[in-house]
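> Show me the folded form of this:
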Amino acid sequence: MTRIYTFLLLILSYNITAQVVSERERAVIVDDILEDRFNTLLPKLMDRANIDMWVLISREYNEDPVLKTMLPATWLNARRRTILVFYRDQEKNTIEKLAVARYNIGKSITSAWDKEKEPDQWKALVKLIEARNPKKIALNYSDYFGLADGVVRTDYNEFLEALPTSYASKITSAEELAIGWIETRTPKEMVYFEQLVDITHDIIKDAFSATVITPGTTTTDDVVWYLRQRVTDMGLETWFHPTVDIQRSNEKLASHIESFSNRPEGKVIQKGDLLHCDFGITYLRLNTDCQQHAYVLKDGETQAPDYLVNAFADGNRVQDILTTNFKTGKTGNQILLKALKEGKDDRYSPAIYTHPLGLYGHSAGPTIGMWDSQGGVVGTGDYPLYENTAYAIELNTTVTIPAWKKDIRIMLEEAGFWGEEGFRYVSGRQDALILID
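Alright, predicted model coming up:
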């Protein structure tokens, strides 16, 4: 039996793993994307934020979340204390990428510290700053965005002690620049991001299939660990533990807090169940986040009942209402409140909790609701929508099912992209229930 299972797993894996390249090839891709981001994207972001010098400071194993995304593929962590300095001369249209560190950092960032000539790393940094005399010195601190709040207290205090008082007034938050770096997707990245979304969809289809699920025997936990093992076997990673849950006619609708944090584990899947998964993977420093539904056919059924088909269509419609409200410059809160109003006006019962997606799963950018903050989110919800950004279009709508004498919740999440031509799903969305025979 074990040999048969292994053989089937290999067959199922073939088409997906064909898209996943070796670690060595991944390193080449990561560094190529990174160099393109430094040379093409970063100058534009610095100009947009009106910042001419950006200083990032980290120590090994306690990396600033932004700095960690700037390390070359062969650097899994910073080394010792790593200080990066980006200086933008807009008039000359140049950008310097420097490291006050003992080493060059990949092929993009050049070491600017000769420790034999200047043993003190802070003094070396100050000399570099003085030579360029920037208008602003941006550091990664932020009240609301954790990913833009990477400078730790010790490094911040030591930097201030070393910096001449005449420069202290030039220190400013790099929040807008740091978020821009994290949230903006380049054309090169989007090619691979689309592949990653395809892989995510394919794994879910395999998990929600008769090959994996035997009604009356297979548990939701079995499917969860199938997802985890499948990703590991492919040489990939999950950035959160997947979940699989059930809605059925003879059980009450779970509360939001139970759905999001207290799901029961190990329930046996039965015919007639509506299944739901939440699953995301990491590849080439990009992350997916996807929720889809499947229906386990009863004996004699060839399709899902119309009431479930229609309920799922309601979920798609709420997605449409949300994404048609995307507009460059609108804040996350503005998008949220308008979409919720339109959804309720159309007699849906929506909840929206969409978040930026990309270099991190729960990434930086405009938060468009949280499941427990449907009136708006202070700080992160006040950030505006920019083009060339990606989102997990995450939401649900509650639907009354008379045949079950209860409400169900259609919970959907798909990767979407906002660009110059408007909104699109990165690689399609689920528009019909997956059927398990």
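
> Give me the three-state assignment for the nearest residue to Thr400 once chain neighbours are set aside.
Nearest residue to Thr400 in three dimensions, chain neighbours excluded: Asp407, at 5.3 Å (C-beta to C-beta, 6 or more residues apart in numbering). For the C-beta atoms, the positions are set from N, CA and C on the backbone; glycine is no exception. Three-state assignment for Asp407 (DSSP: H, G, I helix; E, B strand; the rest coil): strand.

> Also Ser249?
Classified using three-state DSSP, Ser249 is coil.

> how many other residues sit next to Ile95?
A count of nearby residues for Ile95, using other C-beta atoms under 10 Å, gives 17.

> That one is in contact with Val85, isn't it?
No - if you go by C-beta atoms under 8 Å, Ile95 and Val85 don't touch, sitting 10.8 Å apart.

> Helix or strand: which one has Thr82?
According to DSSP states H and E, Thr82 maps onto strand 81-89.

> so where's this structure uncertain?
1-18, 256-264 (pLDDT under 70).

> Please enumerate the helices of the stretch 151-300 of the chain.
Secondary structure of the stretch 151-300 of the chain (DSSP state H, counting those that start in this stretch): helices located at 153-162, 165-168, 175-183, 187-207, 220-233, 256-261.

> Show me which positions of the strand holding Thr82 end up buried.
81-88 (16 or more other C-beta atoms under 10 Å).

> what do you get for stretch 56-64?
For stretch 56-64, by 16+ other C-beta under 10 Å, it's 56-59, 63-64.

> residue contacts, Val378?
Tyr144 (C-beta atoms under 8 Å, 6 or more residues apart in numbering).

> What are the phi and psi values at it?
phi -70, psi 140 (degrees, to the nearest 10).

> gap between it and Thr331?
11 Å (C-beta to C-beta, to the nearest Å).

> cool, and Gly375?
Taking C-beta to C-beta, one finds Gly375 at 14 Å from Thr331.

> For the helix or strand hosting Ala339, name the packing helices and strands.
Using DSSP H and E, Ala339 maps to helix 332-345. Judged by 3 or more C-beta pairs under 8 Å, 6 or more residues apart in numbering; DSSP states H and E, the packing partners of helix 332-345 are helix 306-323, strand 350-352.

> on that earlier part again, Throw the helices of the stretch 151-300 of the chain into CSV and include mean neighbour count and distance to Lys271, thanks.
Listed next are the helices of the stretch 151-300 of the chain as CSV, based on neighbours: other C-beta atoms under 10 Å; distance: least, C-beta to C-beta, whole Å:
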stretch, mean neighbour count, distance to Lys271
helix 153-162, 14, 57
helix 165-168, 10, 69
helix 175-183, 24, 43
helix 187-207, 20, 18
helix 220-233, 18, 15
helix 256-261, 14, 23
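
> Quick check: which of those helices is nearest to Tyr391?
helix 175-183 (9.3 Å; C-beta to C-beta).

> Give the other helices and strands that the closest one contacts.
helix 42-49, helix 65-68.

> Would you mind finding the most buried of those?
helix 65-68 (a mean of 21; mean count of other C-beta atoms under 10 Å).

> CA atoms of that one as CSV?
Output of helix 65-68 as CSV, limited to C-alpha atoms (Å, rounded to 0.1, in the frame of the first residue of the first chain):
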residue,chain,number,x,y,z
PRO,A,65,12.8,42.9,8.1
VAL,A,66,13.6,45.3,5.2
LEU,A,67,17.3,44.7,5.2
LYS,A,68,16.7,40.9,5.2
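
> Contacts for it, please.
56, 58, 78, 82, 84, 140, 146-148, 150, 178, 181-182, 360.

> Next, format these as JSON lines and append distance to Leu337.
Listed next are these as JSON lines, based on distance: C-beta to C-beta, whole Å:
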{"residue": "Leu56", "distance to Leu337": "35"}
{"residue": "Ser58", "distance to Leu337": "38"}
{"residue": "Ala78", "distance to Leu337": "41"}
{"residue": "Thr82", "distance to Leu337": "42"}
{"residue": "Leu84", "distance to Leu337": "38"}
{"residue": "Asn140", "distance to Leu337": "30"}
{"residue": "Gly146", "distance to Leu337": "24"}
{"residue": "Leu147", "distance to Leu337": "24"}
{"residue": "Ala148", "distance to Leu337": "24"}
{"residue": "Gly150", "distance to Leu337": "31"}
{"residue": "Ala178", "distance to Leu337": "26"}
{"residue": "Trp181", "distance to Leu337": "28"}
{"residue": "Ile182", "distance to Leu337": "25"}
{"residue": "Tyr360", "distance to Leu337": "25"}
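
> gap between the two ends of stretch 127-136?
Distance between the boundary residues of stretch 127-136 (C-alpha to C-alpha, to the nearest Å) amounts to 16 Å.

> Name the residues of that stretch that are buried.
128-129, 134, 136.

> circling back: export the helices and strands packed on helix 175-183 to CSV and tack on distance to Val224?
Putting those into CSV (distance: least, C-beta to C-beta, whole Å) gives the following:
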stretch, distance to Val224
helix 42-49, 39
helix 65-68, 27
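
> out of those helices, which comes closest to Ile33?
Of all the helices and strands packed on helix 175-183, helix 42-49 comes closest under C-beta to C-beta, at 12.7 Å.

> packing partners for the closest one?
Partner elements for helix 42-49 (3+ C-beta pairs under 8 Å, 6+ apart): strand 81-89, strand 94-100, helix 175-183.

> who touches it?
With C-beta under 8 Å, 6+ apart, helix 42-49 has contacts from 52, 54, 86, 88, 90, 93, 95, 138, 174, 176-177, 180-181, 184.

> ok so, going back, which ones among the buried residues of stretch 127-136 are found in helices?
128-129 (DSSP state H).

> can you tell me which two in the buried residues of stretch 127-136 are farthest apart?
Top of the distance list for the buried residues of stretch 127-136 (C-beta to C-beta): Leu128 and Lys136, 15.1 Å.

> Could you point out the helix or strand that follows whichever strand or helix holds Phe417?
If you go by DSSP H and E, Phe417 is part of strand 406-419. Counting by DSSP H and E, the element after strand 406-419 in chain order, helix or strand, is strand 422-425.

> For Thr282, see how far away the residue lying closest to Thr200 once chain neighbours are set aside is.
Counting by C-beta to C-beta, 6+ apart, Thr200 lies nearest to Thr288, which is 4.4 Å off, once chain neighbours are set aside. Noted for Thr288: a distance of 8 Å to Thr282, by C-beta to C-beta.

> Since that was my last question, I'll sign off now.
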